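> model this:
(one chain, ligands or ions: 2)
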Amino acid sequence: MRSEWDMVFVTSGAEGLAELARSPFDVVVADMRMPGMNGAEFLNRVMRLHPGTIRLVLSGQADSDLVLQVEGAAHQFIAKPCDPGILRTVIQAASEIGGRMRSEEIRRVLGGIAHLPVLPAAYQEIVALLAIEATTVEDLGRVVQKDPGMTGNILKLVNSAYFGLRQRVSDPAEAVAFLGVDTLKALALVHGVFSQIQAVPEGFNCEHLWRHSLRLATASREIAKMEGLGRGLESDCFTGGLLHDVGLLLLASGFPDEYRRIEELLASSSLEILDAEMEVLGVHHGEVGAHLLGLWGLPGTVVEAVAHHHCPRQSIGVSPERIVHVAEALSTAAGDCGVFGVERPLAPASLREPPGRRLEAWKLVLERLDEV
Ligand SMILES: [Fe+2]
Ligand SMILES: [Fe+2]
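Ligands and ions are numbered 1, 2, ... in the order given. Predicted coordinates for the structure are as follows:
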């Protein structure tokens, strides 16, 4: 590692902050237990002062309470004792993702995001459920998987190297079952993981966006089932669909003025949303969502589906990336795209990588969902 990266080692949080003040760092790795200032406090300060820096934390299994305290400020958690190979892989992957985001400013704004916001109705529902003694993980799973924000936040936690799961988890219900009712209670009530949606620009209809996302998630999973992709990829399709537009919310709340300009462009031209975003911000919501979810360690297939949902890569077969794209195109064509109330039926040419003869069958899946 020493020959590839410039590394600086310090023995306390205060020294770490002094180093960061001297020169910027791409990645910081903190220990949860440090003299003077613990890892949670250190990383919270780093998030505030240097949001563009990727933040990783090493923690012993006995510190699970502390882990919950820092889960917003850390991009990923790693269990101690830590295999150097795992640490290297996590740092490598995180810095590669970080380096791909061209805009320094957007990297900084995204770096300051501790959680994805949750719709008030879903928040009320989960708090009410948690107050009932007999609530099961299945009950909680049903609520979590309806809300993109809750799902993203929980998948971040479960997929961190801290839990040492051999396979990445993309199924929100499985993630809830893994964490258990008590952890969910602590996350919701003590640590505020399910923070409700704050200010978004006027005209940005978050409820509509989340509804659209859930519809796409369900459609994508149904298509995956029909194609016989198996449970793992079905979950990737569901979660890819549920999270595909989180970048829209991140951009709209992080850059309200620019997003107003994008809205105007959409209303006054025939530009597609991706092109309008590229013109105004130089990035599009697919890459922005994928950047954050990638840093959070979500499964690669989900991250790719989010990144490319408007423009899937060629030769990707029947994959979550392609399914989410086609489901998005079909549902947009049916008029379900009104984030700003700008209804723009999709031109057939916008459907990239159409699934050939399968298209009719996939269309039927969406039509059937609408009948329910
Ligand atoms: Fe969408
Ligand atoms: Fe989108």
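> Residue nearest the middle of the protein, spatially speaking?
L293 (3.6 Å; Cα atoms, centre = their mean).
> What segments of the stretch 251-372 of the chain are helices?
256-268, 273-281, 285-295, 300-307, 320-333, 358-371 (DSSP state H, counting those that start in this stretch).
> Kindly reformat these as JSON lines containing distance to ligand 1 and mean pLDDT.
For every residue, glycine as well, the C-beta is placed using N, CA and C. JSON lines is the format used below for those (distance: least, Cβ to the ion, whole Å; pLDDT from 0 to 100):
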{"stretch": "helix 256-268", "distance to ligand 1": "14", "mean pLDDT": "88"}
{"stretch": "helix 273-281", "distance to ligand 1": "9", "mean pLDDT": "91"}
{"stretch": "helix 285-295", "distance to ligand 1": "9", "mean pLDDT": "94"}
{"stretch": "helix 300-307", "distance to ligand 1": "10", "mean pLDDT": "95"}
{"stretch": "helix 320-333", "distance to ligand 1": "5", "mean pLDDT": "85"}
{"stretch": "helix 358-371", "distance to ligand 1": "13", "mean pLDDT": "84"}
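> TSV please, covering these and showing distance to R231.
As requested, these are exported to TSV (distance: least, Cβ to Cβ, whole Å):
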stretch	distance to R231
helix 256-268	37
helix 273-281	31
helix 285-295	21
helix 300-307	13
helix 320-333	13
helix 358-371	18
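> so who does whichever residue of the chain sits closest to ligand 1 touch?
For the chain, the residue closest to ligand 1 is D245, as judged by Cβ to the ion, at 4.3 Å. D245 is in contact with 148, 209, 212-213, 285, 289, 309, 339, counting by Cβ atoms under 8 Å, 6 or more residues apart in numbering.
> And G72, by the same measure?
44, 47, 114-115, 191, 193.
> Over to L243?
148, 151-152, 213, 289, 293, 298, 302, 306 are the contacts of L243 under Cβ under 8 Å, 6+ apart.
> just the helices in the stretch 1-150 of the chain please.
13-22, 39-49, 64-70, 84-100, 104-111, 120-130, 137-144, 148-158.
> looking at those helices, which one has the lowest mean pLDDT?
Mean pLDDT is lowest for helix 64-70 among the helices of the stretch 1-150 of the chain, at a mean of 78.
> I'd like to know which elements it is packed against.
Using 3 or more Cβ pairs under 8 Å, 6 or more residues apart in numbering; DSSP states H and E, the elements in contact with helix 64-70 are helix 39-49, strand 54-60.
> Figure out which of those is closest to E125.
Closest to E125 of these is helix 39-49 (Cβ to Cβ; 28.7 Å).
> Residues of the stretch 51-200 of the chain that sit close to ligand 1?
Residues of the stretch 51-200 of the chain found near ligand 1 (Cβ under 5 Å from the ion): none.
> Return the set of buried residues in stretch 158-176.
158-162, 168-176 (16 or more other Cβ atoms under 10 Å).
> same question, stretch 182-196
So for stretch 182-196, counting by 16+ other Cβ under 10 Å, buried means 183-188, 191, 193-195.
> quick check, nearest of those residues to G13?
The closest of the buried residues of stretch 182-196 to G13 turns out to be H191 (Cβ to Cβ; 20.3 Å).
> Chain neighbours aside, what residue packs nearest to that closest one?
If the residues on either side of it in the chain are set aside, H191 comes closest to L68, at 5.2 Å by Cβ to Cβ, 6 or more residues apart in numbering.
> Who are the contact partners of that neighbour?
Counted by Cβ under 8 Å, 6+ apart, L68 has contacts 183, 186-187, 190-191.
> circling back to that earlier point, got the contact list for the residue nearest to the centre of the chain?
Counting by Cβ under 8 Å, 6+ apart, L293 has contacts 152, 243, 246, 302-303, 306.
> just to revisit the earlier point, the buried residues of stretch 158-176 in helices, which ones?
Using DSSP state H, the members of those that fall within helices are 158, 172-176.
> okay, these in CSV with distance to V280 next?
Below are these laid out as CSV (distance: Cβ to Cβ, whole Å):
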residue, distance to V280
V158, 35
P172, 32
A173, 38
E174, 38
A175, 35
V176, 38
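> Need the max-distance pair from the residues you listed.
Applying Cβ to Cβ across those, the maximum distance is between V158 and A173, 11.4 Å.
> one step back: and the furthest pair within the contacts of L243?
Between all members of the contacts of L243, the farthest pair (by Cβ to Cβ) comes out as S213 and L298, at 15.0 Å.
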